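Asks: With the input below, show me the fold.
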Amino acid sequence: MSTSPLRIGTRASELALTQTQMVADALAAASGRDVELVRVRTEGDVSTASLASLGGTGVFAAALREALLAGRCDLAVHSLKDLPTADVPGLVVGAVPERADHRDALCARDGHTLVGLPLGARVGTGSPRRAAQLRLARGDLEVVDIRGNVGTRLARVGADLDAVVLARAGLARLGRLDPVTEAFDPDVMLPAPGQGALAVECRAEDLPGPTGDALRAIDHAPTRLAVVAERTLLAALEAGCAAPVAAWAHLVPGTARLELRAGVFDPAGTRRLLRTESADVPDDPASALDVAARLGRSAADALLADGAAEVAGLPQPEAAGRRPVPGVPDAR
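Replies: Presented below is the predicted three-dimensional model:
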């Protein structure tokens, strides 16, 4: 067994460091090895431009992946909703730890819920998906595009904004749930594919060895199944991480049935398409992942047939809803 420290690449934000430390602690317990955090600065951390103008949240992953391929770290921890679906040669998602809360959360002044916000309230978010669903729920709201870390966004509530929408999982990991005034049920706001989950990426050549053994020890099979379905849908739609596309998959309690709820939205908040599909999951892990991927593909095909490309401004399907699907690295 290797005794050298595991070097784990991470962004330097408070949330990224907190999430990476959680993974580091789990890997240390599973492997008995020391761990070191390697801070990597990404374009998304440096630029103040909107995520859409930067090309989506993939800007947070690129520098981490470069550091991993260059050997500056052994692993990289990503928020799975920020990780592009396309394969990077030489890299694989070696572990998907158990998912935290998948829901979006409203943090509003004076304890307001979404329905209780005053007419014309200003609500901040950097996500086109959240913005579209806010506009669908409350057409009177002024949705404001914002950037910044969790603390910066929360500080604007009561200053120039009436509320912000953030991922509840991130707030929970930071111990900052007090500002939450409402956690949105998926019937109100469907989350981003992979929201609440983390991805631990490694070099493919390291997967068969002790590093891979440690990663397999912290992998959570039900979470991996769910995010494979969600991310296959995202890949099949050829939608980037910042597109107005939502998906939430989960094993129905007490069953072996995987349910996927998906939606695409007009960025202006005037139209939406929703789809729910499910499938029984076999006991064999590899076969189960195939079922999850097929479920995501099937839901994407149905949405494309209903006009998802036009509604959400996505690439037009090449032929009747059938197109090549980019790689889904967390399906391996």
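
Asks: Please report how far the spatially most central residue of the chain lies from residue 176.
Replies: Nearest to the geometric centre of the chain sits residue 81, at 1.5 Å (Cα atoms, centre = their mean). Using Cβ to Cβ, to the nearest Å, we find residue 81 at a distance of 18 Å from residue 176. Using the backbone N, CA and C atoms, a C-beta is placed for each residue, glycine as well.

Asks: residues contacting the residue nearest to the centre of the chain?
Replies: Residues in contact with residue 81, defined by Cβ atoms under 8 Å, 6 or more residues apart in numbering, are 57, 167, 191-197, 241.

Asks: change it to 10 Å
Replies: Contact analysis of residue 81 by Cβ atoms under 10 Å, 6 or more residues apart in numbering lists 57, 102, 127, 129, 167, 169, 191-199, 227, 230-231, 234, 241-242.

Asks: Tell me where the stretch 1-150 of the chain has strands.
Replies: For the stretch 1-150 of the chain, the strands defined by DSSP state E, counting those that start in this stretch occupy 6-10, 35-39, 75-79, 91-95, 104-108, 122-125, 142-145.

Asks: Just checking: what are the partner strands of the fifth one?
Replies: It refers to strand 104-108. strand 163-167 (antiparallel), strand 182-183 (antiparallel) (DSSP bridges).

Asks: And the contacts of the shortest one?
Replies: Think strand 182-183. 101, 103-108, 111-117, 163, 165, 168, 171, 177, 188-189.

Asks: pLDDT (mean, whole number) over it?
Replies: Strand 182-183 carries an average pLDDT of 98.

Asks: Next secondary structure element downstream of it?
Replies: Proceeding N to C from strand 182-183, the next assigned helix or strand is strand 198-203, under DSSP states H and E.

Asks: who does that next one touch, helix- and strand-wise?
Replies: strand 6-10, helix 14-31, helix 59-69, strand 75-79, strand 91-95, helix 210-218, helix 221-236 (3 or more Cβ pairs under 10 Å, 6 or more residues apart in numbering; DSSP states H and E).

Asks: Please point out which parts of the last one sit buried.
Replies: In other words, helix 221-236. Across helix 221-236, burial judged by 16 or more other Cβ atoms under 10 Å covers 222-236.

Asks: can you check the third one too?
Replies: Buried residues in helix 59-69, defined by neighbour count with 16+ other Cβ under 10 Å: 59-65, 67-68.

Asks: Can you tell me the element residue 262 falls in?
Replies: strand 257-265.

Asks: Can you tell me the strand partners of that strand and which way each runs?
Replies: strand 245-251 (antiparallel), strand 272-280 (antiparallel).

Asks: avg pLDDT for that strand?
Replies: Here the average pLDDT along strand 257-265 is 98.

Asks: Stretch 39-58 too?
Replies: Averaged across stretch 39-58, pLDDT comes to 56.

Asks: how is the protein carved up into domains?
Replies: Domains of the chain are assigned by automatic domain parsing as 1-97+197-219, 104-183, 221-325.

Asks: Of the ones you listed, which shows the lowest average pLDDT?
Replies: Looking at the domains of the chain, the weakest mean confidence is domain 1-97+197-219, a mean of 88.

Asks: so what's residue 140 up against?
Replies: Residues in contact with residue 140, defined by Cβ under 10 Å, 6+ apart, are 117-121.

Asks: That one and residue 244, how far apart?
Replies: Counting by Cβ to Cβ, the gap from residue 140 to residue 244 is 20 Å.

Asks: Kindly tell me how buried residue 118 is, as a neighbour count.
Replies: Look at residue 118: counted by other Cβ atoms under 10 Å, it has 12 neighbours.

Asks: What does it show for phi and psi?
Replies: phi -70, psi 160 (degrees, to the nearest 10).

Asks: what about it, distance to residue 107?
Replies: Residue 118 is 16 Å from residue 107, by Cβ to Cβ.

Asks: End to end on stretch 128-144, go ahead and measure it.
Replies: 11 Å (Cα to Cα, to the nearest Å).

Asks: Buried residues in it, which are they?
Replies: Going by neighbour count (16+ other Cβ under 10 Å), the buried part of stretch 128-144 is 128-136, 138, 141, 143-144.

Asks: what does stretch 99-114 give?
Replies: For stretch 99-114, the neighbour count (16+ other Cβ under 10 Å) marks 99-109, 112, 114 as buried.

Asks: Over to stretch 183-196?
Replies: 184, 186, 188-196.

Asks: Also stretch 19-29?
Replies: 19-21, 23-24, 26-27.

Asks: Go through these and say which is closest to residue 259.
Replies: residue 19 (26.4 Å; Cβ to Cβ).

Asks: is it true that the closest one touches residue 78?
Replies: Yes - with contacts counted by Cβ atoms under 10 Å, residue 19 reaches residue 78, the gap being 9.0 Å.

Asks: between these two, what contacts are shared?
Replies: In terms of Cβ under 10 Å, 6+ apart, residue 19 and residue 78 are both contacted by the residues 10-11, 198.
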